[in-house]
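Trainee: Sequence and predicted structure, then a few things I'm wondering about:
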Amino acid sequence: MTVLRWIPGLRMLASYRISWLRRDVVAGIVLSTLLVPQGMAYAELAGLPAITGLYTTILCLIGYALFGPSRILVLGPDSSLGPMIAATILLILGSNGSPERAIALASMLALIVGAIMIVAGLAKLGFVADLLSKPTQIGYMNGLALTILIGQLPKLFGFSVSANGLINEVLAFVHGLASGEAVGAAVAIGLVSLGLILALGRWLPRIPGVLVAVLVAIAASTLLDLAGHGVSLVGTLPQGFPPLTVPSPVSVSDLPLLIAGALGIALVALTDTISTASSFAARTRQEIDGNGEMIGIGVANVAAGFFQGFPVSTSGSRTAVAEQAGAKTQVTGVVGAAAIVLMLVFAPGLLRNLPQPTLAAVVIAASLSLADLPGTVRLWRQRRVEFLLSITAFLGVALLGVLQGIAVAVALSIFNVFRRAWWPYQTTLGRVPGLPGHHDRQQHPNAEELPGLVIFRFDAPLFFANARTFRDQIRRLAAAEPRPHWILIAAEPITDVDTTAADMLADLDEELNANGTSLVFAELKDPVRTKLERYDLIGTLNPDHFFPTLDAAIDTFCQQTGAHWIPPMQTGAETR
């Protein structure tokens, strides 16, 4: 029972129904037709030999099948991680590193990512996925899509460039076109492949566009001798399955860069996995296990890292293919992995005539799916501040680089949270005839008021960063003419008061009392009141100025002053 508890895959097998097997086998075979070309393409996107994408796919599928909690998710090399892997390796190797050294560094990166995920999952830190807010995530993915697209254009046109950074890559690509470096046959097969993938994805989504493009490209390469026309081909893959390999040791000076890259990759992989798992679980009304997903992804990365693989994440497109093909359990992934192993053992030359521009088309199509232009437009229409955050994250990726971009995206998300607490929404309340309760006077300008009473709501906990904001607003309200007798704080949104804010309240209350205005609280939560008592603030603040509800406070004020509700125009007349 303990083993079943810690290994979800075995727990699934213990309750497996034989009627599921046919569906899982069929779905696994269908899935493998997508896993092979995408795995190879995303390996090259990460700056690694294409064969490593297949090694990675095999091991991560088996690792997640054993330790992943979801019965439907499909893991593998991912287009959003490829540039991050390449950027991390490039920072260490430079431009002249050997492929063997690059593979070793990528495998070590996968091991570090896996360790981070497993430890975080055991520590129940799944909430860190929230560090990337939706607007910054949209901006980051848009920047990533543009970066991938520009990086793959030379390959699509049959030549290569040596440049770093988006602007330099654009200039190098344009220079290559102007210099006549484009290969006509490569351009033709690349654009045909891309057109097939996009057209089938748009109008016939049930037909695997990637598979069709790969088959058409191989046929064209064989019949038309594209290699003789200057088109680069994948060639025969190494035969067999890679042995268990411990990545060559890295120097201590390499560790900071590897760990920094691994942290960014882990965050993106977790965010992608949680969102994908949530969307697929919602279809079947299932709950997701965020911490279990972290452990499953972690094991998948560790498994890949020991067999010349690189970091992986969840794939929404491949998961959708598996679901549409009838997948019932993780056995689908195991069947897909087995199909790839059989290809490597018995038919390593199956894809030897696959043109490299077709792999570039696969990556470009994936990059286009990462972009969310409708989401960006929606942010512009709905909330301009979050639109600006999204654009800043986009520029961070596009201009600074992928790793720096993820740091910018996380920093912006955290800053946005802090900004909302620093400058929270605040308003005064009034009574609207025909509506129960007390309402925002910015939304209801004709709300009735009580002469001598201001009802103020501050929608955030009171702490050191916003204490001055709260105090300055209260001072402005107190300075109005005629001066209010009470400033009543609708305190329900105030979920905390720290010591800095407590000292501010004591000083503010004394200042207001000196000018004939009382600071009064209603609906203060019990835990917050307990803290005020611990700070010895109740006593300094008049204990009679704390009320359980707004109505109780207002009734007391009316009894003491004889005030009654009047429309704001009459209040203005009385003031004059």
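Mentor: Structure received.
Trainee: Mind listing residues that contact the strand or helix carrying G195?
Mentor: Per DSSP states H and E: G195 is located in helix 184-203. Applying Cβ atoms under 8 Å, 6 or more residues apart in numbering, the external contacts of helix 184-203 come out as 155-159, 207-210, 212-214, 216-217, 220-221, 224, 226, 229-232, 355-358, 360-362, 364-365, 368. Where C-beta positions appear, they are placed from N, C-alpha and C, glycine not excepted.
Trainee: Residues contacting the helix or strand V408 falls within, please?
Mentor: Secondary structure from DSSP H and E places V408 in helix 402-422. When contacts are defined by Cβ under 8 Å, 6+ apart, helix 402-422 is touched by residues 83-84, 86-88, 91, 131-133, 135-137, 139-140, 143-144, 147, 260-261, 264, 267-268, 385-386, 389, 392-393, 396-398, 400, 460-461, 463, 465-466, 469.
Trainee: When you filter these down to buried only, what's left?
Mentor: By neighbour count, with 16 or more other Cβ atoms under 10 Å, these hold 83-84, 86-88, 91, 131-133, 135-137, 139-140, 143-144, 147, 261, 264, 267-268, 386, 389, 392-393, 396-398, 460-461, 463, 465-466, 469 as buried.
Trainee: follow-up on the earlier one: if you average pLDDT over the helix holding G195, what comes out?
Mentor: The average pLDDT for helix 184-203 rounds to 95.
Trainee: Could you give the separation of that helix from the chain centroid?
Mentor: Distance of helix 184-203 from the chain centroid (Cα atoms, centre = their mean, to the nearest Å) equals 29 Å.
Trainee: send the alpha carbons of it over as PDB?
Mentor: The C-alpha coordinates for helix 184-203 follow below in PDB (Å, rounded to 0.1, in the frame of the first residue of the first chain):
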ATOM      1  CA  GLY A 184      15.100  27.800 -53.400                       C
ATOM      2  CA  ALA A 185      14.200  24.100 -52.800                       C
ATOM      3  CA  ALA A 186      14.500  24.600 -49.000                       C
ATOM      4  CA  VAL A 187      12.200  27.600 -49.100                       C
ATOM      5  CA  ALA A 188       9.700  25.600 -51.100                       C
ATOM      6  CA  ILE A 189       9.600  22.500 -48.900                       C
ATOM      7  CA  GLY A 190       9.700  24.600 -45.800                       C
ATOM      8  CA  LEU A 191       6.800  26.800 -46.800                       C
ATOM      9  CA  VAL A 192       4.800  23.900 -48.000                       C
ATOM     10  CA  SER A 193       5.300  22.100 -44.700                       C
ATOM     11  CA  LEU A 194       4.300  25.100 -42.700                       C
ATOM     12  CA  GLY A 195       1.300  25.700 -44.900                       C
ATOM     13  CA  LEU A 196       0.100  22.100 -44.400                       C
ATOM     14  CA  ILE A 197       0.500  22.200 -40.600                       C
ATOM     15  CA  LEU A 198      -1.300  25.500 -40.300                       C
ATOM     16  CA  ALA A 199      -4.100  24.700 -42.800                       C
ATOM     17  CA  LEU A 200      -4.900  21.300 -41.400                       C
ATOM     18  CA  GLY A 201      -4.800  22.700 -37.900                       C
ATOM     19  CA  ARG A 202      -7.200  25.400 -38.800                       C
ATOM     20  CA  TRP A 203      -9.700  23.500 -41.000                       C
END
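Trainee: List the buried residues of it.
Mentor: Under 16+ other Cβ under 10 Å, the buried positions of helix 184-203 are 185-190, 192-194, 196-198, 200-201.
Trainee: Just checking, which helix or strand succeeds that helix along the chain?
Mentor: Following helix 184-203 in sequence, per DSSP H and E, is helix 209-224.
Trainee: Tell me which other helices or strands that next one touches.
Mentor: Contact here means 3 or more Cβ pairs under 8 Å, 6 or more residues apart in numbering; DSSP states H and E; on that basis helix 209-224 packs against helix 21-45, helix 184-203, helix 356-370.
Trainee: at 6 Å instead, please
Mentor: With contacts defined as 3 or more Cβ pairs under 6 Å, 6 or more residues apart in numbering; DSSP states H and E, helix 209-224 has these neighbours: helix 21-45, helix 184-203.
Trainee: What residues sit buried inside whichever helix or strand comes after that helix?
Mentor: Following helix 209-224 in sequence order, the next helix or strand is helix 255-283 (DSSP H and E). Using 16+ other Cβ under 10 Å as the test for burial, helix 255-283 gives 257-258, 261-277, 280-281.
Trainee: Also stretch 310-328?
Mentor: Under 16+ other Cβ under 10 Å, the buried positions of stretch 310-328 are 310-323, 325, 327-328.
Trainee: what comes into contact with it?
Mentor: 20, 23-24, 27, 30-31, 34, 46, 56, 60, 72-78, 81, 85, 106, 109-110, 113, 265, 269, 272-273, 276, 300-301, 304, 332 (Cβ atoms under 6 Å, 6 or more residues apart in numbering).
Trainee: what about it, start to end distance?
Mentor: 27 Å (Cα to Cα, to the nearest Å).
Trainee: average pLDDT for it?
Mentor: For stretch 310-328, the per-residue pLDDT averages 85.
Trainee: State the distance from the closest residue to I494 other than its chain neighbours to T500.
Mentor: Closest residue to I494 apart from its sequence neighbours, by Cβ to Cβ, 6 or more residues apart in numbering: L462 at 5.6 Å. The gap separating L462 from T500 is 9 Å, by Cβ to Cβ, to the nearest Å.
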